[in-house]
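Kindly generate the corresponding structure for this input.
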Amino acid sequence: MISNVFMTFAWYGHLKLQSAGISKSWPLIAVILVSWGLAFLEYCFMVPANRMGFRENGGPFSLFELKIIQEVVTLTIFTVVAMFLFQGEKLHWNHVCAFLCLMGAVAFTFLPHNS
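Numbering: from 1, shown residues only. Have a look, this model is predicted:
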């Protein structure tokens, strides 16, 4: 979850800084470098989490399970950040339906399968 907070700010935080007038005059390369710095922090949390969670390293999850869980966590963190930072953005019914479909994907991922 921590890694996704950093990544959400790396990907979308610059938009809030721009709308607040903080980074409006920054050159694109400066925005990219700040985002890369945040993305580095994201990797500092995500890489160890994936290594610890991966079944072949003693964790409980397959590669596909890790990825699908990560997508739902990313969407959850993004939604919370967007609702607080971007007051003009609204969560609509179709967004909720899409989110529920992703939650369904997680459920399907953990159904028993024949290996």
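
Asn4: how many residues sit nearby?
Each residue near Asn4 was counted by other Cβ atoms under 10 Å, and the total is 21. Every C-beta, even on glycine, is put in place using the N, C-alpha and C of the backbone.

That should have said Phe6, apologies.
Residues near Phe6, counting by other Cβ under 10 Å, number 21.

show me where pLDDT drops low in the protein?
115 (pLDDT under 70).

what ranges do the helices span in it?
For the chain, the helices defined by DSSP state H occupy 2-8, 14-19, 28-53, 63-85, 93-109.

so what does the fourth one touch, helix or strand wise?
It stands for helix 63-85. helix 2-8, helix 28-53, helix 93-109 (3 or more Cβ pairs under 8 Å, 6 or more residues apart in numbering; DSSP states H and E).

Can you tell me the centre-most residue of this protein?
Thr74 (2.7 Å; Cα atoms, centre = their mean).

Does Ile2 touch Tyr43 like I think?
No. Applying Cβ atoms under 8 Å, one finds Ile2 not in contact with Tyr43, separated by 11.5 Å.

could I get the helices and strands packed on helix 63-85 as JSON lines with distance to Val80?
Listed next are these as JSON lines, based on distance: least, Cβ to Cβ, whole Å:
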{"stretch": "helix 2-8", "distance to Val80": "9"}
{"stretch": "helix 28-53", "distance to Val80": "16"}
{"stretch": "helix 93-109", "distance to Val80": "12"}
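
Of those, which is nearest Phe86?
Nearest to Phe86 among the helices and strands packed on helix 63-85 is helix 2-8; the distance by Cβ to Cβ comes to 11.1 Å.

who does that closest one touch, helix- and strand-wise?
Judged by 3+ Cβ pairs under 8 Å, 6+ apart, the packing partners of helix 2-8 are helix 28-53, helix 63-85.

ok, residues contacting it?
Applying Cβ atoms under 8 Å, 6 or more residues apart in numbering, the external contacts of helix 2-8 come out as 38-39, 41-46, 49, 70, 73-74, 76-78, 81.
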